[in-house]
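**Q** How does the following fold in three dimensions:
(chains A, B, C and D)
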There are 2 protein chains.
Amino acid sequence: MQSAAAPQDVIFEGPGHTGLTMPLTGEGGCPIREVLDRIGDQWSLLVLAALEPETLRFNVLLRRIGDVSKQMLSRTLRRLEEDGFVERTVYPEVPPRVEYSLTDLGRSFLEPMRALIRWADMHQPEVEAARAAYRARA
Amino acid sequence: MQSAAAPQDVIFEGPGHTGLTMPLTGEGGCPIREVLDRIGDQWSLLVLAALEPETLRFNVLLRRIGDVSKQMLSRTLRRLEEDGFVERTVYPEVPPRVEYSLTDLGRSFLEPMRALIRWADMHQPEVEAARAAYRARA
DNA sequence: GCTCCACGGTCTACAAAGTGGACCATGGAA
DNA sequence: TTCCATGGTCCACTTTGTAGACCGTGGAGC
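**A** Below is the predicted model of the structure:
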């Protein structure tokens, strides 16, 4: 539901894109906040990226990412499962085997993410330069 | 610098995009982590969006976003300034006036962000459905 | 038979990060 | 004289994340 723009709403529109009018505050549904709720945490994005090429088990994922704690990985995966980004399959064997894989929704989410990652990769030198300039000023 | 792919590296590549090979771990420069360092926090993205249409003063920004604390807004702005996304201009008046505006770098960053926000807007129903299904299963 | 390991987690202290509100100096308006 | 607004910082408190112990099961090695 796309309601009329309130005075303080942001009209987030750009070349070649459909315009998007939205509030910034938490009360109404703000798409930016939606995005942040999904990927704004430390780990979700890394998990999705790790699962992109292949289905992985819990402990493999843990080692692949490296510095995530079991608890956070567990939570992150549950939230991603809840939101329909990731599918969890339990094989009732001993020792237990649990596999995580991307759903179509999760896969489609990575599409726009790629653009963002490429941006970061391309503009990293500019960011570094800005930081150096800032340190020099201060 | 784009080094050769280690076995556990993710080859993050998609239709119509330049491939990107990267580690997921924190040691090497992982572009995903770069992105997260920049926008992964609660507020940076909202600040950038708020500043997109117009230059704003500190307290206006504070009220516009609504539920950000002074401290966090202050920190967020300083970090964005440091990274070259935002420009800070102080007018030596009384009471003090400080204005924040986007730099070209900041503006260019919002470009790929738009795609992500549109994704969130478009796929929100699917996410809701996934959540409902999850609750029903549980 | 006895010990040890791997599996996918959860639980529990502890540490780090975020919050809301008080506080600062200044000058203009009421 | 009192009060407000400015752009912050500082402090106590709460929330969030971390590292590591722990769980039950079964198979491998001794």
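**Q** only C-alpha atoms for contact and neighbour calcs from this point on.
**A** Fine.
**Q** From the centroid of chain A, which residue is nearest?
**A** Centrality entry for chain A: nearest residue to the mean C-alpha point is A:Ile39, 2.9 Å, by CA atoms, centre = their mean.
**Q** Who are the contact partners of that residue?
**A** Going by CA atoms under 8 Å, 6 or more residues apart in numbering or on different chains, A:Ile39 touches A:Leu45, B:Gly40.
**Q** so what pLDDT did it get?
**A** A:Ile39 is assigned 83 on the pLDDT scale.
**Q** do the longest helix along chain A and chain B meet at all?
**A** Criterion DSSP state H: the longest helix present in chain A is helix A:104-137. Yes. Using CA under 8 Å from any CA of the partner chain, helix A:104-137 reaches chain B at A:105, A:109, A:111-121, A:126-128, A:130-131, A:134.
**Q** cool, stretch A:67-81 as well?
**A** Yes. On the criterion CA under 8 Å from any CA, stretch A:67-81 is in touch with chain B at A:Asp67, A:Glu81.
**Q** Of all the residues in that stretch, which ones are buried?
**A** The neighbour-count check on stretch A:67-81 (16 or more other CA atoms under 10 Å in any protein chain shown) flags A:Val68, A:Leu73, A:Thr76, A:Leu77, A:Arg78, A:Arg79, A:Leu80, A:Glu81 as buried.
**Q** which sections of chain A are below the confidence cut-off?
**A** Applying pLDDT under 70 to chain A picks out residues A:1-28.
**Q** Let's see that with 50 instead.
**A** Applying pLDDT under 50 to chain A flags residues A:1-5, A:7, A:13-19.
**Q** Around DNA strand C, which positions in it sit nearby?
**A** Contact residues, chain A versus DNA strand C (CA under 7 Å from any atom of the strand): A:57-60, A:70-71, A:74-75, A:94-99.
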